[in-house]
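Engineer: Sequence and predicted structure below; questions after.
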2 protein chains.
Amino acid sequence: MIDKLEKRLLYREEIKDKLMDAIISGMIKPGDRIVETRWAKDLGVSQSPIREALRELEMIGVVETIPYKGCIVCEISSEELIDGLKVRASLEVLAVEEIFEKMDFTFIEKMEEMMEGMRAAVKEDDMRSFSKLDTEFHLVMIEGAENKQLLRLWKQCSTHDFTHITAILTDRPMEELCERHQIILDELKSNNLKNKKQRTIEAIQHHFATLIKEVENKKNK
Amino acid sequence: MIDKLEKRLLYREEIKDKLMDAIISGMIKPGDRIVETRWAKDLGVSQSPIREALRELEMIGVVETIPYKGCIVCEISSEELIDGLKVRASLEVLAVEEIFEKMDFTFIEKMEEMMEGMRAAVKEDDMRSFSKLDTEFHLVMIEGAENKQLLRLWKQCSTHDFTHITAILTDRPMEELCERHQIILDELKSNNLKNKKQRTIEAIQHHFATLIKEVENKKNK
DNA sequence: CTTTTCCAGTTTATCGATCATGTACAGTTC
DNA sequence: GAACTGTACATGATCGATAAACTGGAAAAG
């Protein structure tokens, strides 16, 4: 068995991850400026790869660039977060429709693995890896839809959500967040062939409706 | 009344448009290589703005970049085009739902303008400006939903469709393509308050289902 | 006192040059 | 002649430097 090739060194990719980490961890906050030259100096690289990384984050909607003025981390309101969740819900519903078109459910196995992973993360009280597995769980389902465009767009909005939602839901018991995914999985695995698709769609819609409600409650406090 | 500021000179933006034009017009075709240095020389600029423009096209999914190898225009199959149309349909349905949530229909006026514009383009047999107005028609509706995330994603997939679908539908009478939009508009303007939302959604779904069928037919020939 | 103009400082946008990587092809070995 | 090796070359990735644009505030004008 041969080891995989080591990941090629691409500064812009590493930088993108570093910037994302900085944003997710709260090291740089919404509204903060990202000065290309400073990051270049701090990371010991030149301005170019920083700019390219920023261009990608801009496309995802995590930062905003104003020509000749600068780049700031997007201020995201609860409304916008909710907007994003609505979009994601639509995309995931489409995914379910595609899945029931193709009738290939082999991906469910992977979803179960993620489920186990999430439970492990809950046990260890590791919010960070829980969030990652949460995203992966949904990702696997989207991949199951085998719709390239859907996958591309979904990735963008999940990244986007991910950077902002983690902070909001910290007060929820992680165990509850975790078990909500089992509900979706149960529908996908059920033997009730007649309403399976519709029930799965409803499970997804409910999943997101709950999240949206929680964000709304948070907003009103 | 003050005139708007003149569009700022940003090479990367101009270059992005130029590349898109080249792709849409068929000057460069799917599978073709885009060599940064050659375009830089041809346009009389340096490599940097070309790279940044390419990075954006990559995010939209119009080109694909392989590190250290190069950038090619995405080969897009009928299947992928259909995938994209399904996604767009989902997003536009969400838009309608949002619109009926907010109950603000002022944007319809703008849609009617686009409709007129399309009819004018049909008269002059100007496919290019017809396509642009077609996109704008849908855009106005999406904007009416006032969902920032939805708008961001929709723009990406419409740009994507636009670059590929124009060529496919050239055999359809433009007049027919045009009048299909009136159907959506009619539902939005109808006074049947009870089923208005549902009927509008169905009109959108039908709109895209028709497009998808046409692409499928084309594929099988 | 308010408005305008100008200037220095900061940062972005672009440039020209260099470094790193992948490709193709010629030469070598078996 | 098939498989391997080495080497030039094309091109992408990154660098360091420069040009262009914005910012804030001081000085000048009204």
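Structural biologist: Happy to help now that I have it. Numbers count the residues shown, from 1 in each chain, chains lettered A, B, ... in the order given.

Engineer: Could you tell me the model confidence score at the residue most central in space within chain A?
Structural biologist: Centroid-nearest residue in chain A, with CA atoms, centre = their mean: A:Ser158, separated by 3.0 Å. A:Ser158 is assigned 88 on the pLDDT scale.

Engineer: and the residue lying closest to it once chain neighbours are set aside, how far is that from DNA strand D?
Structural biologist: Nearest residue to A:Ser158, sequence neighbours excluded (CB to CB, 6 or more residues apart in numbering or on different chains): A:Thr135, at 5.6 Å. All C-beta atoms are positioned from the backbone trio N, CA, C, and that covers glycine. To DNA strand D, A:Thr135 is 26 Å away according to CB to the nearest atom of the strand, to the nearest Å.

Engineer: Regarding A:Thr135, which helix or strand does it belong to?
Structural biologist: Assigned by DSSP states H and E, A:Thr135 belongs to helix A:127-144.

Engineer: Same check on A:Glu113?
Structural biologist: Element membership for A:Glu113, per DSSP H and E: helix A:108-123.

Engineer: follow-up on the earlier one: in what helix or strand does the residue nearest to the centre of chain A lie?
Structural biologist: According to DSSP H and E, A:Ser158 maps onto helix A:148-168.

Engineer: got it, and A:Asp21?
Structural biologist: For A:Asp21, the host element (DSSP H and E) is helix A:11-24.

Engineer: Dump the C-alpha coordinates for that helix into PDB.
Structural biologist: Coordinates of each C-alpha in helix A:11-24 appear next as PDB, following Å, rounded to 0.1, in the frame of the first residue of the first chain:
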ATOM      1  CA  TYR A  11      -0.100  29.000  -0.500                       C
ATOM      2  CA  ARG A  12      -3.500  30.400  -1.500                       C
ATOM      3  CA  GLU A  13      -5.200  27.300  -0.200                       C
ATOM      4  CA  GLU A  14      -3.400  27.200   3.100                       C
ATOM      5  CA  ILE A  15      -4.000  30.900   3.500                       C
ATOM      6  CA  LYS A  16      -7.700  30.500   2.800                       C
ATOM      7  CA  ASP A  17      -7.900  27.900   5.600                       C
ATOM      8  CA  LYS A  18      -6.000  30.100   7.900                       C
ATOM      9  CA  LEU A  19      -8.200  33.000   7.300                       C
ATOM     10  CA  MET A  20     -11.300  30.900   7.700                       C
ATOM     11  CA  ASP A  21     -10.000  29.600  11.000                       C
ATOM     12  CA  ALA A  22      -9.300  33.100  12.100                       C
ATOM     13  CA  ILE A  23     -12.800  34.100  11.300                       C
ATOM     14  CA  ILE A  24     -14.500  31.000  12.800                       C
END
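
Engineer: need the residues of chain A near DNA strand C, please.
Structural biologist: For chain A, the residues in contact with DNA strand C (CB under 7 Å from any atom of the strand) are A:8-9, A:33-38, A:47-48, A:51, A:65, A:67-71.

Engineer: before we move on, the earlier item: isn't the residue nearest to A:Ser158 right next to A:Cys157, touching?
Structural biologist: No: counting by CB atoms under 8 Å, A:Thr135 stays clear of A:Cys157, with 11.0 Å between them.

Engineer: who's more crowded, these two?
Structural biologist: A:Cys157 (23 against 16; other CB atoms under 10 Å in any protein chain shown).

Engineer: The helix holding A:Thr135 versus helix A:108-123: what angle between them?
Structural biologist: Counting by axes from the mean of the first three to the mean of the last three CA atoms, to 10 degrees, helix A:127-144 lies at 170 degrees to helix A:108-123.

Engineer: Give me the contact list for helix A:127-144.
Structural biologist: The contact list for helix A:127-144, computed with CB atoms under 8 Å, 6 or more residues apart in numbering or on different chains, reads A:91-92, A:95-96, A:99, A:104-108, A:110-111, A:114-115, A:117-118, A:121-122, A:150-151, A:154-155, A:158, A:162, A:166, A:170, A:174, A:177-178, A:181, A:184, A:188.

Engineer: mind running it again at 6 Å?
Structural biologist: With contacts defined as CB atoms under 6 Å, 6 or more residues apart in numbering or on different chains, helix A:127-144 is touched by A:95, A:99, A:107, A:110-111, A:114, A:117-118, A:121, A:151, A:154, A:158, A:162, A:166, A:174, A:181.

Engineer: List the residues that contact A:Ile15.
Structural biologist: Counting by CB under 6 Å, 6+ apart, A:Ile15 touches A:Pro49, A:Ile50, A:Ala53.

Engineer: packing partners for the lowest-mean-pLDDT helix or strand in chain A?
Structural biologist: Within chain A, no helix or strand scores below helix A:148-168, which has a mean of 85 by mean pLDDT, DSSP states H and E. Judged by 3 or more CB pairs under 6 Å, 6 or more residues apart in numbering or on different chains; DSSP states H and E, helix A:148-168 is in contact with helix A:47-60, helix A:78-102, helix A:127-144, helix B:78-102.

Engineer: Would you mind giving these as a markdown table with mean pLDDT added?
Structural biologist: A markdown table is the format used below for those (pLDDT from 0 to 100):
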| stretch | mean pLDDT |
| --- | --- |
| helix A:47-60 | 95 |
| helix A:78-102 | 95 |
| helix A:127-144 | 94 |
| helix B:78-102 | 95 |
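
Engineer: Between these, which one is closest to A:Glu214.
Structural biologist: Nearest to A:Glu214 among the helices and strands packed on helix A:148-168 is helix A:78-102 (10.0 Å), distances taken as CB to CB.
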